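In: here you go, sequence then predicted model.
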Amino acid sequence: MGKELSAVVIIPARYASTRLPGKLILPEAKAITGRYIIEHVYQNVKQSQRISKVIVATDSQLIYDIVKGFGGDAEMTSLSHISGTDRIAEVASRLDANVIVNVQGDEPEVDAAMVDQVFDALVKDDKAVMATLANTITNASELSNPNVVKVVLDRYGYALYFSRSQIPYVRDSKDPMNERGSLFLRHLGIYAYRRDFLLEYTKLPASSLEDLEKLEQLRALFNGYKIKVAITNYTSHGIDTRDDLTAFMGRYKHD
């Protein structure tokens, strides 16, 4: 990393999850795995070779205290933010870092190499104002799963579109995975932003596409900005439901 660049990971963390309230600090996760969900995320990304600091951005005093308790860095943010991006932008506005990496607080299996990859994808491309990761979909059932966000790229590795629907749609095949499997990409919700763009990004008006798909990154595409997408062999599973939590704890015990 060049001397002129500095990078900080900011992890947005709110308590009031709709489907699994308090999921980032559930005691059963710590009882089984030895750490809270948010602690897994924090300690994993801290191993990145590209970043100078990891900060949890939260509106919860409880989360703040727990992060501080395990030796992490945390900052309190406004209660009025409607998205995690708004939350990290508030913290980023107080930092001198050139690059901000947004890692979701509910992905305890995130790997530090993913932070390195998304950072490299951004800083090596002067045209990109933000970058993200994707990997190849190998399970056909995921093509129709709206919880699996798909992305299609242009020839230069920039995102053309993100969708919860199957993209691309293979009109003339009953077995698209067999014939065009490498074209189906799963978006992974980790982002790197140039700090100045991040602060402007939160001020952009939401597009109708973003509202329909409930995918915030479509705001950048709608407004003509380029998102670089790096293909990775890594994956990460979000904890959205109690079933997700049970599956994670099962994988952890198995490992």
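Out: Cool, got the structure.
In: so what touches stretch 218-226?
Out: 127-130, 158-162, 197, 201, 204-207, 209-210, 227 (Cβ atoms under 8 Å, 6 or more residues apart in numbering). C-beta coordinates here come from the backbone N, C-alpha and C atoms, glycine included.
In: inside helices: which ones of those residues?
Out: Using DSSP state H, 197, 201, 209-210 are the members of these that sit in helices.
In: what are the ranges of the helices in the protein?
Out: Using DSSP H, helices in the chain cover 27-33, 37-45, 61-69, 84-92, 112-123, 176-180, 195-201, 208-213, 218-222, 242-254.
In: could you dump those helices to a markdown table with mean neighbour count and distance to Arg186?
Out: Compiled in a markdown table, these are given as follows (neighbours: other Cβ atoms under 10 Å; distance: least, Cβ to Cβ, whole Å):
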| stretch | mean neighbour count | distance to Arg186 |
| --- | --- | --- |
| helix 27-33 | 15 | 24 |
| helix 37-45 | 23 | 19 |
| helix 61-69 | 16 | 28 |
| helix 84-92 | 23 | 19 |
| helix 112-123 | 22 | 13 |
| helix 176-180 | 14 | 13 |
| helix 195-201 | 17 | 23 |
| helix 208-213 | 14 | 15 |
| helix 218-222 | 20 | 16 |
| helix 242-254 | 14 | 16 |
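In: out of the contacts of stretch 218-226, which are buried?
Out: Neighbour counting by 16 or more other Cβ atoms under 10 Å classes 128-130, 158-159, 161-162, 197, 201, 207, 210, 227 among these as buried.
In: same list, the residues you listed, but as CSV with pLDDT please.
Out: Listed next are the buried ones among the contacts of stretch 218-226 as CSV, based on pLDDT from 0 to 100:
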residue, pLDDT
Ala128, 94
Val129, 96
Met130, 98
Tyr158, 98
Ala159, 98
Tyr161, 98
Phe162, 98
Phe197, 98
Tyr201, 95
Ser207, 90
Glu210, 94
Ile227, 97
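In: ok, the residues you listed vs Asn233, which is closest?
Out: Closest approach to Asn233 among the buried ones among the contacts of stretch 218-226 (Cβ to Cβ): Ala159, at 19.1 Å.
In: and the gap between that closest one and Tyr234?
Out: With distances taken as Cβ to Cβ, to the nearest Å, Ala159 is found 18 Å from Tyr234.
In: quick one: contacts for Met249?
Out: Contacts for Met249 (Cβ under 8 Å, 6+ apart) come out as 28-29, 32-33.
In: Thr58 versus that one, what's the distance?
Out: For Met249, the distance to Thr58 equals 23 Å [Cβ to Cβ].
In: could you find the closest non-adjacent residue to Thr33?
Out: Excluding its sequence neighbours, the residue lying closest to Thr33 (Cβ to Cβ, 6 or more residues apart in numbering) is Tyr252, at 4.7 Å.
In: wait, isn't the one you found in contact with Lys30?
Out: No - using Cβ atoms under 8 Å, Tyr252 is not in contact with Lys30, being 11.3 Å away.
In: residues in contact with stretch 82-91?
Out: 10, 12, 14, 55, 57-59, 75, 77-78, 81, 100, 102, 104, 198-199, 201-202, 216.
In: 10 Å instead?
Out: If you take Cβ atoms under 10 Å, 6 or more residues apart in numbering as the criterion, stretch 82-91 is touched by 8-14, 55-59, 74-78, 80-81, 92, 100-105, 189, 191, 193, 195, 198-203, 206, 216-217, 219.
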